[in-house]
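1. only geometry, no sequence info:
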């Protein structure tokens with residue numbers, strides 16, 4: 001077995017991952033051990049004795065399972081038409097993420113190039129890094145609930161890169177895509193081999209192939225994960241999910257001109273608003289942010305977090321400028337331990353920010369309809 005020879009400066013944690021209770025200290029392939037020694041000095045001319053305790057920090061290096069893996073490290077050539085069929089639990093490593101690939105995943109040659117562009121644009125628009133220094137020391141999280149016996153890459157040291165699982169769903173369970181504080185999961189039928197897809201009756205009945213890769217959904221999952229990775233304490237879903245949903249509108253729109261595959265996904269995306277149980281106005285906007293839609297309710301109105309959050313982000317950008325999210329993220333990191341999130345928002349943008357937002361919603365006719373807004377499909 002090859003020994004890992006790389007060292008890290010500080011075996012730190014990605015604190016966002018602690019939201020889910022992840023034991024991330026095991027993430028490091030290098031750790032510090034403390035050794036305490038005591039030195040006693042006696043003075044013959046005095047009756048006092050001085051005792052000095054010193055602590056020495058020593059690096060202890062552990063083997064990284066990634067260095068001795070039998071799984072292949074794949075590379076794509078950047079040409080869309082040149083597909084690669086995954087035949088084992090293989091992986092692709094990029095600058096800011098690692099793709100963990102399951103057998104029967106079918107990737108176009110430009111998949112990594114496209115994801116790189118999406119991550120870069122998310123960073124630009126949100127004003128934060130996808131690989132913050134606070135995430136140094138991460139390993140691949142366990143996904144045993146999906147991989148059944150054991151996550152094939154569990155325990156791999158991947159520094160501060162985003163772990164992205166690209167799944168083939170042999171169980172026909174249709175888990176979909178998700179972005180959370182620990183990882184991104186991509187499970188799309190258009191990334192399955194034809195043989196696998198034809199063997200899955202659930203997909204053939206309920207999730208037919210689109211004929212393109214849904215980079216809009218992938219963008220949202222990546223943005224949610226990046227939001228969580230940049231937060232020190234606790235981030236309310238209305239902000240993380242809201243900015244993720246907002247990025248799924250703005251990022252594909254920005255990149256569509258340069259990437260035809262993103263342009264196709266953006267044009268085909270069905271954009272709708274679910275019905276709201278309470279219309280947002282100047283009087284209740286802050287209350288809904290802090291209570292019903294934001295912090296305390298994780299059941300009935302769960303979907304409202306991304307809907308309210310998306311429009312709140314759109315309003316903040318229009319009213320306060322392109323750097324609204326980096327300002328909000330900095331303020332949340334400074335005062336987030338208080339969990340007084342509405343107060344933090346007002347401290348950042350002014351006491352009237354929610355009143356303005358409520359008036360904006362009424363004027364724009366958004367977050368008003370109990371029936372929702374469902375445009376005709378093109």
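-> Here it is on my side, so go on. Here the structure is a predicted model, which is why all the values come from computation and not from measurement.
2. I'd say residue 332 and residue 231 touch.
-> Yes: between residue 332 and residue 231 there is a contact at 6.2 Å, judged by C-beta atoms under 8 Å. For every residue, glycine as well, the C-beta is placed using N, CA and C.
3. okay, and the common contacts of those two?
-> Common neighbours of residue 332 and residue 231 (criterion: C-beta atoms under 8 Å, 6 or more residues apart in numbering): none identified.
4. And the helices in the stretch 1-150 of the chain, which stretches?
-> Secondary structure of the stretch 1-150 of the chain, counting by DSSP state H, counting those that start in this stretch: helices at 111-126, 144-147.
5. Now render these as CSV, adding mean neighbour count.
-> Shown next, in CSV, are the helices of the stretch 1-150 of the chain (neighbours: other C-beta atoms under 10 Å):
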stretch, mean neighbour count
helix 111-126, 20
helix 144-147, 13
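6. rank those helices by pLDDT, which is bottom?
-> Ranked by mean pLDDT, the helices of the stretch 1-150 of the chain bottom out at helix 144-147, with a mean of 84.
7. so which of the helices of the stretch 1-150 of the chain comes closest to residue 218?
-> Of all these, helix 111-126 sits nearest to residue 218, with 6.9 Å by C-beta to C-beta.
8. Touching the closest one from outside, list them.
-> 76, 78, 92, 94-97, 99, 129-130, 162, 164, 213, 215, 218-219, 222-223, 226-227, 243, 247, 250-251, 254-255, 258-259, 261-262, 322, 325-326, 329.
9. PyMOL command for the buried members of those residues?
-> Restricted to buried positions by 16 or more other C-beta atoms under 10 Å, the PyMOL selection for the contacts of helix 111-126 reads:
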select buried, resi 76+92+94+96+97+99+130+162+164+213+215+218+219+222+223+226+227+243+247+250+251+254+255+259+261+262+325+329
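10. Among the contacts of helix 111-126, name the ones in strands.
-> Of the contacts of helix 111-126, the ones assigned to strands by DSSP state E are 92, 97, 99, 162, 164.
11. Please, where are all the helices along the stretch 251-378 of the chain?
-> Assigned by DSSP H, counting those that start in this stretch, the stretch 251-378 of the chain shows helices spanning 260-268, 285-290, 304-320, 324-335, 341-349, 353-364.
12. would you turn these into JSON lines with distance to residue 150?
-> Output for the helices of the stretch 251-378 of the chain, formatted as JSON lines (distance: least, C-beta to C-beta, whole Å):
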{"stretch": "helix 260-268", "distance to residue 150": "33"}
{"stretch": "helix 285-290", "distance to residue 150": "41"}
{"stretch": "helix 304-320", "distance to residue 150": "32"}
{"stretch": "helix 324-335", "distance to residue 150": "35"}
{"stretch": "helix 341-349", "distance to residue 150": "38"}
{"stretch": "helix 353-364", "distance to residue 150": "47"}
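13. Residue 274: which of those helices is closest?
-> helix 304-320 (6.1 Å).
14. just how off-centre is stretch 65-85 within its chain?
-> Relative to its parent chain, stretch 65-85 has a centroid offset of 23 Å by C-alpha atoms, centre = their mean, to the nearest Å.
15. what does stretch 252-270 give?
-> Using C-alpha atoms, centre = their mean, the offset of stretch 252-270 from its chain centre is 21 Å.
16. so how far is the first residue of it from its last?
-> 13 Å (C-alpha to C-alpha, to the nearest Å).
17. ok, residues contacting that stretch?
-> 80, 108, 110, 114, 117-118, 121, 125, 210, 212-216, 219, 248, 375, 377-378.
18. ok, 6 Å please
-> Residues outside stretch 252-270 that contact it (C-beta atoms under 6 Å, 6 or more residues apart in numbering): 117, 121, 212, 214, 215, 216.
19. among the residues you listed, which two are most distant?
-> Between any two of these (C-beta to C-beta), the greatest distance is 18.9 Å, for 121 and 212.
20. Could you identify which of the helices of the stretch 251-378 of the chain has the lowest mean pLDDT?
-> Among the helices of the stretch 251-378 of the chain, helix 285-290 carries the lowest mean pLDDT (a mean of 90).
21. Could you list the buried residues of that helix?
-> 285, 286, 288, 289, 290.
22. now it, how far from the chain's geometric center?
-> Per C-alpha atoms, centre = their mean, the centroid offset for helix 285-290 relative to its chain is 25 Å.
23. One more: stretch 245-260?
-> The answer for stretch 245-260 is 17 Å, by C-alpha atoms, centre = their mean.
24. Same check on stretch 369-378?
-> Offset of stretch 369-378 from its chain centre (C-alpha atoms, centre = their mean): 28 Å.
25. Looks like residue 233 contacts residue 335 (just checking).
-> No: applying C-beta atoms under 6 Å as the test, residue 233 and residue 335 come out as separate, 9.0 Å apart.
26. Just send the contacts of stretch 252-270 back as TSV, with distance to residue 349 too.
-> Output for these, formatted as TSV (distance: C-beta to C-beta, whole Å):
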residue	distance to residue 349
117	30
121	24
212	38
214	33
215	31
216	28
